[in-house]
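**Student:** A predicted structure for the sequence below; I have some questions about it.
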Amino acid sequence: MQRRALFFLSILFFTLSFVFSLVLIAQSKVEGESGFVGSEACKDCHEGQYNKFVKSVHGKRAIPGNPANRDGCESCHGPGAQHIEKGGGRGVAIFAFGKKESPTVRDSKCLACHEDMRGVENWNLSKHKSFLVTCDNCHSVHSAVPGKSNLKAREPDLCFGCHRNIRAQFNKQSHHPIKEEFVGRQALKCSSCHNPMGTFDIKAMIKADSVNDLCYRCHAEKRGPYAFEHPPVPENCLLCHEVHGSNHSRLLTRKVPLLCESCHNTGGHPSRPYTNLHSFLGPATSNKNRFFARGCLNCHGNIHGSSLAPTFQR
């Protein structure tokens, strides 16, 4: 009985081995006919790109399920047999990610692997896609650039390359600390507020449902709740503040009291800080001084909201 069982097990083992060998032979034949030559063949002409690629995230074979591990360079550029036979050259019988290829096709190469990644699901809604900005405009596939995203440059320099008007705003005296660095790292980055891959906010691609929700992530103390709310605050922070930079303190859109007077009339105690008539030493100071130290915020300090006084006084 044991001999018969061993006999059948032996036959089963050799049968499976034979079938497995046939599969390998068929697979190698298909791969040979498909024109794949392997990354080592690319190294002969593109040694610099190859050395960078093997050190990059795409070239590390230790990552489980990395599609680039299967065919190496040819995972993105396509089979290279005809490219070699024709003597090489940019775009000769191979996909070269050049300007001749349409942005949609170039993006499709990347999205074949990254479409389901977190943060990329709204790419079709992004303003970058609508302006034909491709993945390889910002990301470097070969280079082992510091960071997880393989960006061609550090933020915000990469973003400022296209958004030059935003760079001018960050050069103003009051701005978010994008350019400042602490302990060798960025304190705040463009991607802290924006998702360049797209969000439901199609205009600015912010990482929140609204501007206020985004601001409250860092400025939670301005959220409240307050017994007396200043109406512009829950409506939109941008009614009083600039986003990137301003020449007025606290990123204000205008200087106080001009900002306040754009909504509030001057009845009650009008302040005229640009005349001497109502200054501390002017002729109108005998009975009432309407100068009020040149600013509304000297008295109305709780301008975002107050639980004590409806006039937002300290």
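**Tutor:** That came through, no problem.

**Student:** how's this structure carved up into domains?
**Tutor:** Split into domains by automatic domain parsing, the chain comes to 118-133+146-207, 221-306.

**Student:** Pretty sure residue 312 sits against residue 301.
**Tutor:** Yes: counting by CB atoms under 8 Å, residue 301 is a contact partner of residue 312 at 7.4 Å. Every residue, glycine included, has its C-beta placed from N, CA and C.

**Student:** higher neighbour count, the two?
**Tutor:** residue 312 (20 against 12; other CB atoms under 10 Å).

**Student:** Can you check the pLDDT for that one?
**Tutor:** According to the prediction, residue 312 has pLDDT 83.

**Student:** check which helix or strand covers it.
**Tutor:** Using DSSP states H and E, residue 312 sits within no helix or strand.

**Student:** residues in contact with it?
**Tutor:** By CB atoms under 8 Å, 6 or more residues apart in numbering, residue 312 lies in contact with 228, 230, 300-306.

**Student:** for residue 157, same thing?
**Tutor:** Per CB under 8 Å, 6+ apart, neighbours of residue 157: none.

**Student:** Over to it: give its phi and psi.
**Tutor:** With angles defined as degrees, to the nearest 10, residue 157 sits at phi -60, psi -40.

**Student:** how much space between it and residue 136?
**Tutor:** 18 Å (CB to CB, to the nearest Å).

**Student:** Nearest to residue 104, out of the domains of the chain?
**Tutor:** Across these, residue 104 has its closest neighbour in domain 118-133+146-207 (8.7 Å, CB to CB).

**Student:** Just the mean pLDDT for that closest one, thanks.
**Tutor:** On average, domain 118-133+146-207 scores 86.

**Student:** Reformat the contacts of residue 312 as JSON lines; add distance to residue 39.
**Tutor:** Conversion of the contacts of residue 312 to JSON lines gives the following (distance: CB to CB, whole Å):
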{"residue": "228", "distance to residue 39": "67"}
{"residue": "230", "distance to residue 39": "62"}
{"residue": "300", "distance to residue 39": "67"}
{"residue": "301", "distance to residue 39": "65"}
{"residue": "302", "distance to residue 39": "64"}
{"residue": "303", "distance to residue 39": "62"}
{"residue": "304", "distance to residue 39": "58"}
{"residue": "305", "distance to residue 39": "61"}
{"residue": "306", "distance to residue 39": "66"}
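
**Student:** Tell me the buried residues within these.
**Tutor:** 230, 300, 302-306 (16 or more other CB atoms under 10 Å).

**Student:** Among those, find the lowest-pLDDT one for me.
**Tutor:** residue 300 (85).

**Student:** was I right about it contacting residue 308?
**Tutor:** No: the pair residue 300 / residue 308 is not scored as a contact, 11.8 Å apart, by CB under 8 Å.

**Student:** That's all I had, so thanks and see you.
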